[in-house]
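> Sequence below, structure please.
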Amino acid sequence: MKKAMMLGSVTVATSLFAVGCSQEGSGEYVDALAQKEEGTKFSYTVELDVTTPSTTEGMHEVLSHLATHIEDLDLGYTVTGDRDQGHYEIDQALPRQATLVPYPVQMDLTGALLEGESFYLKTEEMIAFENEQGTYGFTLETTPEVEDTYVELTLTDIPYTPEDLLERNEDYEALIEEVEGESNGEGEMTYVVDGEEASTYFKEIMKKSMTYSFPGIVELLDEEMEAQVTIGEVTINSQLDDGNLQKETYTIPFTENDREWEMVVAITYNDLDYSGDISTIDDEDLLDREAYNDYIVSEQQRDLEKFINSTD
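Presented below is the predicted three-dimensional model:
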């Protein structure tokens, strides 16, 4: 299980090569945060890395499930969205519960579409996943009926939308303005703050980034579990280029019932004023669930006939 905090090395490197302290840099960073909410369309990439407690004994079953599996997953996603229309394209390795193994397995998605509580996947990527996992005991073939289509995967009670990760927070911005950041002289600043002074913001960052990285987990967390979490000393690394926000990396240590966790959330802002097209399901051919099941049955019949013919 991986324990190394790869993304955390960014903040360490920044500290090693820091050339001075500045509150002017803090002000420039806070001013740049306004860019998150200015564009109608946006594109960003989230990367997550988590260090879990050494034991799950006595842990709530939701957190225990998370702690057991999360370090083995390559979590994160890239989303391109239109906040006014509520249309989003997502690329990611989606954790899914496979049929033949008792742990989540990641399914590679490119150009998946999110609208409301419906997640539309390319049918051919669903087929590739099922074949890789050996779900049906035979190999599914891509037929003309399913080629270049999408199939729906319903997500219920999603607590956040992708643009929610771009929301600003007054407590966080006030906290940053009060501290002196360390600059490396090349547009990167590092800040160290008391996480409890903006605990709501840091908890929201973790939950919002997890909503699509590991669907279903955040929905199971309740207020009682959240009340058991105490945020420690948070390190933030910001990267600006000519005043434009490029990246934020949050290294967030926290305790839950005296158990120590750490989550690193890195958000790369590919384009906060995206001007390209974003696909919608209305532009694509949708294969409904009944049609997809009919396809599975026909593939089973084809495989059976192939077996019978081979024994003649």
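> how about the nearest residue to Leu73, chain neighbours excluded?
Pro95 (5.6 Å; Cβ to Cβ, 6 or more residues apart in numbering). For the C-beta atoms, the positions are set from N, CA and C on the backbone; glycine is no exception.
> Roughly how far does the one you found sit from Glu47?
Using Cβ to Cβ, to the nearest Å, Pro95 is found at 15 Å from Glu47.
> Output the longest helix belonging to the protein.
Assignment by DSSP state H gives helix 289-311 as the longest helix of the chain.
> For that one, buried residues please.
Tyr292, Tyr295, Glu299, Asp303 (16 or more other Cβ atoms under 10 Å).
> Show residues contacting it.
Applying Cβ atoms under 8 Å, 6 or more residues apart in numbering, the contact partners of helix 289-311 are Thr123, Tyr136, Phe138, Thr139, Leu140, Glu141, Thr143, Glu145, Val146, Val151, Glu152, Leu287.
> Closest one of these to Lys41?
Glu152 (23.7 Å; Cβ to Cβ).
> for the helix or strand where that closest one lies, packing partners?
Assigned by DSSP states H and E, Glu152 falls within strand 149-154. Helices and strands touching strand 149-154, by 3 or more Cβ pairs under 8 Å, 6 or more residues apart in numbering; DSSP states H and E, are strand 118-122, helix 123-133, strand 285-287, helix 289-311.
> Which parts of the stretch 101-250 of the chain are strands?
Along the stretch 101-250 of the chain, the segments classed as strands by DSSP state E, counting those that start in this stretch run 104-115, 118-122, 149-154, 181-183, 188-194, 229-231, 233-241, 244-256.
> Dump the longest one to PDB, keeping only the CA atoms.
C-alpha atoms of strand 244-256 as PDB (Å, rounded to 0.1, in the frame of the first residue of the first chain):
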ATOM      1  CA  ASN A 244      -3.500  33.900 -13.300                       C
ATOM      2  CA  LEU A 245      -4.300  31.100 -10.900                       C
ATOM      3  CA  GLN A 246      -2.600  27.900 -12.200                       C
ATOM      4  CA  LYS A 247      -2.700  25.400  -9.300                       C
ATOM      5  CA  GLU A 248      -3.500  25.000  -5.600                       C
ATOM      6  CA  THR A 249      -2.200  22.100  -3.500                       C
ATOM      7  CA  TYR A 250      -3.600  21.500   0.000                       C
ATOM      8  CA  THR A 251      -1.800  19.200   2.400                       C
ATOM      9  CA  ILE A 252      -4.500  18.600   5.100                       C
ATOM     10  CA  PRO A 253      -3.600  16.500   8.200                       C
ATOM     11  CA  PHE A 254      -6.600  15.600  10.400                       C
ATOM     12  CA  THR A 255      -7.500  13.400  13.300                       C
ATOM     13  CA  GLU A 256     -10.600  11.300  13.600                       C
END
